[in-house]
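**Q** Sharing a model that was predicted from the sequence below.
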Amino acid sequence: MKIVSVETRVCHARMRNWVFVKITTDQPGLIGWGEATLEWHTRSIVGAIEDLSVLLVGEDPRRIEYLWQMMYRQHFWHSNGIVRATAVAGIDLALWDILGKSLGVPCHELWGGRVRDYVRLYCHLGGGKMEDFYGTPVDEAKRFGELARQAVEAGFTAFKSMPVPEQMPIEGVRPVKAAEACVAAMREAVGDGVDIMVDCHARPSPQMGLVFAKALEPYNLYFFEEPCWPEHMDGIAAVQRAVKTPIATGERLCSQFAFKELLEKRAASIIQPDITHCGGLSETRRVAAMANAYGVAVAPHNPQGPVSTAASIEFGLATPNYLICEAVHQDVPWRDDIVSWGFRVEKNGRRVYPGTRAGLGVEINEAEIAKHPFEQELPRRSFAPDGSVVDW
Ligand SMILES: [Mg+2]
């Protein structure tokens, strides 16, 4: 069996361009699909995949680790930068899809079979609709409560929110009290039976991350995400040491070596590798095994498209320390027109049960993708009141 071509299909989905990877083999009808979506880097990713394709065409797609090593190590630069790691990831997903299809089994069967009956999904407030999740002002605590109630009404038992505002390196008490009011309103709205996550989006400095974590500790969050920049790993570790709330981080790390440092510093209780940024299923499986040795759980970052979600679910079905699957469902109304998948989703509880389709179990409708061609992503630019740049 040989790889004939490695191509990309770009699909504009409002906030991001989904980048799908299509690998065609010389076996009639046998193709693999992956995803390499990277916001604001769409042209770079498409180019990086084209660059990597010269290493792959003519090779046997079932030699996944051999090809992964080639993509990581050949051409000198290694793949631990975000663009190349994402390109490798998209290709890696498509290779696993091909291997599963060639053997007629879902990917989780290739990794030792199911370790659980279902994977639990969690949503973003508003189901991933940009205006609700990113755009609800933090001084509107009541609105946070309403959106939390809607998530539970939609069947979710866990959801993520963003009540920690954009900020300068040191802030006064006002944003801290605003965040606390939002979390109090959400807890009041849904009770103790629903899990609430807070994503700081790495907006705070290490010290402010600690201040917010302390203020929100009494609300028993399921996890508190990215309390400060990943570059300040010691700062993240200090937050984790200071509070009992589980700290989650890792969506911007893209190699086992970065996660090794995070784990050695005991900086988080939950790591969030992004399967489409962190070298694909091959590298994320290695990262998860390493985390397991530290007693750390894995909850992959996944606000992207449907192939990324399918990969996270297949990975979760076979990974013992996998915790929960991030998923968005209301980012664009035509999501389900692009991809059909083989999983069964139980709406009450938003549990995903395995399907019988081979590989990643996704079928892509290329004619539908063609209706949503590339568009430049909306710029996201954030400034403090004095005009200085802050994190979005
Ligand atoms: Mg995040």
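**A** Perfect, thanks for sending it.
**Q** Quick one: mean pLDDT for stretch 355-375?
**A** For stretch 355-375, mean pLDDT rounds to 96.
**Q** All the strands of the stretch 151-300 of the chain, residue numbers only.
**A** Here the stretch 151-300 of the chain has its strands, by DSSP state E, counting those that start in this stretch, at 158-161, 195-199, 223-225, 247-249, 270-271, 297-298.
**Q** Turn the ones you listed into CSV, including distance to Tyr134.
**A** Bear in mind the C-beta positions are built from the backbone N, C-alpha and C, glycine included. What follows is these, written out as CSV (distance: least, C-beta to C-beta, whole Å):
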stretch, distance to Tyr134
strand 158-161, 11
strand 195-199, 10
strand 223-225, 14
strand 247-249, 18
strand 270-271, 22
strand 297-298, 25
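**Q** and Val345, which of the ones you listed is closest to it?
**A** strand 158-161 (14.8 Å; C-beta to C-beta).
**Q** neighbouring strands for the closest one, and are they parallel or not?
**A** Using DSSP bridges, strand 158-161 pairs in its sheet with strand 119-124 (parallel), strand 195-199 (parallel).
**Q** sorry, back to before: of all the strands of the stretch 151-300 of the chain, which one is nearest Ser102?
**A** Comparing the strands of the stretch 151-300 of the chain by their distance to Ser102 (C-beta to C-beta), the top pick is strand 297-298, with 27.2 Å.
**Q** Please identify the next secondary structure element, helix or strand, after that closest one.
**A** Heading C-terminal from strand 297-298, the first helix or strand you meet, by DSSP states H and E, is helix 306-318.
**Q** helices or strands up against that next one?
**A** Counting contacts by 3 or more C-beta pairs under 8 Å, 6 or more residues apart in numbering; DSSP states H and E, helix 306-318 packs against strand 31-35, helix 82-103, helix 107-110, strand 119-124, helix 280-293, strand 325-326, strand 339-341, strand 362-364.
**Q** List the buried residues for it?
**A** 306-318 (16 or more other C-beta atoms under 10 Å).
**Q** for the residue nearest to Gln304 when sequence neighbours are not counted, what are its contacts?
**A** Using C-beta to C-beta, 6 or more residues apart in numbering and skipping the chain neighbours, the partner closest in space to Gln304 is Thr37 (4.2 Å). Counting by C-beta atoms under 8 Å, 6 or more residues apart in numbering, Thr37 touches 16-19, 45, 86, 276, 304-305, 308.
**Q** now swap in Val152 and tell me
**A** If you count contacts by C-beta under 8 Å, 6+ apart, Val152 has them with 159, 189-190, 194.
**Q** distance of the residue lying closest to Val287 once chain neighbours are set aside from Phe212?
**A** Nearest residue to Val287, sequence neighbours excluded (C-beta to C-beta, 6+ apart): Phe259, at 4.7 Å. Distance of Phe259 to Phe212, given as C-beta to C-beta, to the nearest Å: 24 Å.
**Q** ditto for Gly29
**A** 52 Å.
**Q** Between those two, which is the more surrounded one?
**A** Neighbours around Gly29 and Phe212, counted as other C-beta atoms under 10 Å, are more numerous at Phe212. The numbers are 28 against 7.
**Q** Not counting sequence-adjacent ones, nearest residue to the more buried one?
**A** Leaving out its chain neighbours, the residue that sits closest to Phe212 by C-beta to C-beta, 6+ apart is Val164, at 5.4 Å.
**Q** burial count for that neighbour?
**A** Residues lying near Val164 (other C-beta under 10 Å) number 30.
**Q** so who does it touch?
**A** Applying C-beta under 8 Å, 6+ apart to Val164 gives the contacts 138, 175, 179, 198-201, 203-204, 212.
**Q** Most neighbours of all those residues, which one?
**A** Tallying neighbours with other C-beta under 10 Å puts Pro204 at the head of the contacts of Val164, with 31 neighbours.
**Q** wait, that one sits on Phe212?
**A** Yes. Between Pro204 and Phe212 there is a contact under C-beta atoms under 8 Å: 6.0 Å.
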